[in-house]
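> Sequence first, predicted model second:
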Amino acid sequence: MSQMPSSPQVPPTGAPSAVADPHRPPDDKEEVYYEGTPLVRGRLAHIAGFTIAGLIFILSPFLLSHFNMHSPWWANVVLVLIGIGLVAMPTFLVKRTRYRVTNYRIDFERGWLSTNIDTVELWHVEDIKFHQSLWDKIVGAGNIDVFSHDSQTPKLSLDDLPRARQLFTTLEQRIIAVKRQRGVLKLDGGN
């Protein structure tokens, strides 16, 4: 029995290519590089401040009774509920923000009850900057600032992103590729 040589597998036409190839030819398929919320652990100062304030409210009924200052039971329940709310506040504040970064645009969504979405097309982006503090390195987060010619959103800050350095590099290359596809040239005045 003879076996036929197997032919190499060719990806189907129009299939999205890997994120590592931002210079691929233009197509109409949108590929998502990142979609999610900022990392809560990246906001240590907020977490510490709200936790301390929350613990003060939670412990206040016990401290008041220790000094023979009694309050009605319902006031104690209210103080404890306020304290629990304060401890949960950093997570609530972070989760109301959502980012969606694709090969053509960046969407920045804010809100729970009412929602606002700002969108920056990558070909409008003039510059991007990456920042990662020591704490960000420890928790695996980073920040990307996007500067654009968009009149509504000239600066967009993407804070506390996981794997931000990798996303920054991909965005940097993809912005160049999108501008080339659209024929956008940057003229440098030079000195």
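Received the coordinates, thanks.

> alpha carbons only for contacts and neighbour counts from here, please
OK.

> can you give me the helices in the protein?
Residue ranges of the helices in the chain, as given by DSSP state H, are 44-66, 73-95, 134-139, 164-182.

> can you list those helices in TSV and add mean pLDDT and distance to residue 120?
Compiled in TSV, these are given as follows (pLDDT from 0 to 100; distance: least, C-alpha to C-alpha, whole Å):
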stretch	mean pLDDT	distance to residue 120
helix 44-66	86	28
helix 73-95	89	21
helix 134-139	89	25
helix 164-182	92	11
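
> Which of the ones you listed sits closest to residue 34?
Counting by C-alpha to C-alpha, residue 34 lies closest to helix 164-182 out of the helices of the chain; the figure is 7.8 Å.

> domains of the chain?
The chain breaks down by automatic domain parsing into domains covering 44-93, 98-182.

> start to end distance for the shortest one?
It stands for domain 44-93. Domain 44-93 has an end-to-end distance of 13 Å (C-alpha to C-alpha, to the nearest Å).

> Switch the helices of the chain over to CSV; also include distance to residue 114 and mean neighbour count.
Below are the helices of the chain laid out as CSV (distance: least, C-alpha to C-alpha, whole Å; neighbours: other C-alpha atoms under 10 Å):
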stretch, distance to residue 114, mean neighbour count
helix 44-66, 23, 16
helix 73-95, 14, 17
helix 134-139, 30, 14
helix 164-182, 28, 18
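
> Can I get these in TSV including distance to residue 105?
As requested, these are arranged in TSV below (distance: least, C-alpha to C-alpha, whole Å):
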stretch	distance to residue 105
helix 44-66	29
helix 73-95	21
helix 134-139	25
helix 164-182	10
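
> closest to residue 150 out of the ones you listed?
Across the helices of the chain (criterion: C-alpha to C-alpha), the nearest stretch is helix 164-182, sitting at 14.4 Å.

> Who are the packing partners of the closest one?
Judged by 3 or more C-alpha pairs under 8 Å, 6 or more residues apart in numbering; DSSP states H and E, the packing partners of helix 164-182 are strand 125-131, strand 141-148.

> Which one, of those, ends up nearest to residue 85?
If we rank the helices and strands packed on helix 164-182 by C-alpha to C-alpha, the stretch that ends up nearest is strand 141-148, at 25.4 Å.

> Name the nearest residue to residue 41, ignoring sequence neighbours.
Across the structure, with C-alpha to C-alpha, 6 or more residues apart in numbering as the measure, the residue nearest residue 41 apart from its sequence neighbours is residue 139 (6.7 Å).

> same thing with residue 79?
Skipping the residues right next to it in sequence, residue 79 comes nearest to residue 57 by C-alpha to C-alpha, 6+ apart, at 5.4 Å.

> That neighbour and residue 81: what is the separation?
As judged by C-alpha to C-alpha, residue 57 and residue 81 stand 8 Å apart.

> same question, residue 42
Note on residue 42: its distance to residue 81, by C-alpha to C-alpha, is 25 Å.
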